[in-house]
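Colleague: My questions are about this predicted structure, shown below with the sequence.
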Amino acid sequence: MTLEEMKQRRRELGYTYRRLSELSGVPVGTIQKIFGGMTASPRYETLLALEKVLLGQPKNQGVRTEPGTYSGMVSEEALTGWGKKQGEFTVEDLEKLPEDKRYELIDGILFDMSDGPTYGHQVVAMEILFQCREFIRRNGGKCRTMTAPFSVHLDRDNRTSVQPDVMILCRDEDLNYHNYQGAPDFVVEVLSPSTRRKDMTLKLRKYEAAGVREYWMIDVEKEKVIVHVYGEEPDVWIYGFDQPIPVWIFGGELKVDLRPIREDLEEIRKRGNGNVDQGN
């Protein structure tokens, strides 16, 4: 929901700033600054609270998960004959699986990542990768940029192996030819209905615990970038595709600009079913 849509919806409902504050729990002064354009990058939690009041609960996007499970988890039925249950798998097991399928392993749990990414997913991920890589090269940096599929053993053990969409790796001693041992400095995940809950909850916690310094979650359809900078205060920002987005591991000197690809995304969106973020 854009800021203009929020303003329009508030007018339709007839809410004063004070009434919106009472319903959302957001301070009146904060709401006034957001709606008045004085806060360029409001906190994500603040926008969610306002959206919940203005729009109600988010619509079901067709992904149903049972409590304690996530979409994409390999079902126990599918594991029949494998000799192991979810929670018992290792990196060694992962390496024995068919090469024509992609899997992630988180705390011994297998996730099927075989669904192919869409155009929107790819173009956003690659644009971020290219801009980060060029900044690093231009400034003589030693960090490396990578994209999925490339395995990251977050916990340096045999129970977790993930494949972030985009990553920046700055500890060269943790990199080998086949994988990265430990936490990338910077991670990007492009959200989709099939990965949204996992990326916004499970991976959010895993990346923080492992020592990732900065984590971006990209909602292509809504043109939002949710930025978590672990260990900073405030540690969460939300940006639109209409503004440069600072990369905080570089002190904000690099600002990723997604504006050049917005028209292209809109054109391709019109050719399909309107959903450009259906990949992993």
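Modeller: Received it, and whenever you're ready, just let me know what you need. Numbering: from 1, shown residues only.
Colleague: which residue ranges form the strands in this protein?
Modeller: Per DSSP state E, the chain carries strands over the ranges 103-106, 109-112, 144-147, 151-153, 166-169, 179-181, 186-190, 214-219, 224-229, 236-240, 245-246, 255-256.
Colleague: and Q86, which of the ones you listed is closest to it?
Modeller: Q86 sits nearest to strand 109-112 of all those, at 5.0 Å, using CB to CB. In short, each C-beta sits where N, CA and C put it, glycine included.
Colleague: mind saving the C-alpha coords of that closest one as PDB?
Modeller: The C-alpha coordinates for strand 109-112 follow below in PDB (Å, rounded to 0.1, in the frame of the first residue of the first chain):
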ATOM      1  CA  ILE A 109      14.400 -29.700   7.700                       C
ATOM      2  CA  LEU A 110      14.200 -30.000   3.900                       C
ATOM      3  CA  PHE A 111      12.600 -27.300   1.700                       C
ATOM      4  CA  ASP A 112      11.800 -27.800  -2.000                       C
END
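Colleague: Show me what it is packed against.
Modeller: strand 103-106 (3 or more CB pairs under 8 Å, 6 or more residues apart in numbering; DSSP states H and E).
Colleague: Show me what counts as buried in the strand it packs on.
Modeller: Y103, E104, L105, I106 (16 or more other CB atoms under 10 Å).
Colleague: what bits of the chain have low per-residue confidence?
Modeller: Within the chain, the segments meeting pLDDT under 70 span 1, 39-40, 56-69, 116, 232-234, 272-280.
Colleague: can you pull out the helices in it?
Modeller: Here the chain has its helices, by DSSP state H, at 3-13, 17-24, 28-35, 44-55, 91-95, 119-138, 196-197, 203-210, 262-271.
Colleague: Take the ones you listed and write them to a markdown table, including distance to L254 and mean neighbour count.
Modeller: Conversion of those to a markdown table gives the following (distance: least, CB to CB, whole Å; neighbours: other CB atoms under 10 Å):
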| stretch | distance to L254 | mean neighbour count |
| --- | --- | --- |
| helix 3-13 | 25 | 13 |
| helix 17-24 | 33 | 16 |
| helix 28-35 | 26 | 16 |
| helix 44-55 | 21 | 18 |
| helix 91-95 | 33 | 13 |
| helix 119-138 | 4 | 18 |
| helix 196-197 | 26 | 18 |
| helix 203-210 | 20 | 18 |
| helix 262-271 | 19 | 12 |
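Colleague: Turn the ones you listed into CSV, columns for distance to D242.
Modeller: Putting those into CSV (distance: least, CB to CB, whole Å) gives the following:
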stretch, distance to D242
helix 3-13, 10
helix 17-24, 24
helix 28-35, 16
helix 44-55, 15
helix 91-95, 40
helix 119-138, 14
helix 196-197, 22
helix 203-210, 25
helix 262-271, 7
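Colleague: Any idea which of those gets closest to P244?
Modeller: helix 119-138 (10.0 Å).
Colleague: Next, the angle strand 186-190 makes with the closest one.
Modeller: Here helix 119-138 points in a direction 160 degrees away from that of strand 186-190 (axes from the mean of the first three to the mean of the last three CA atoms, to 10 degrees).
Colleague: I'd like to check the angle between helix 119-138 and helix 262-271, please.
Modeller: 160 degrees.
Colleague: Show me how far helix 119-138 is from its chain's centre.
Modeller: 15 Å (CA atoms, centre = their mean, to the nearest Å).
Colleague: do stretch 165-174 as well
Modeller: The chain centroid and the centroid of stretch 165-174 are separated by 17 Å, computed with CA atoms, centre = their mean.
Colleague: what do you get for stretch 217-237?
Modeller: Centroid separation for stretch 217-237 versus its chain: 8 Å, with CA atoms, centre = their mean.
Colleague: ok, residues contacting that stretch?
Modeller: The set of residues external to stretch 217-237 that reach it, using CB atoms under 8 Å, 6 or more residues apart in numbering, is 1, 41, 43-45, 120-121, 124-125, 128, 188-191, 199-200, 204, 207-208, 211-216, 238-242, 245, 248, 258, 262, 265, 275-277.
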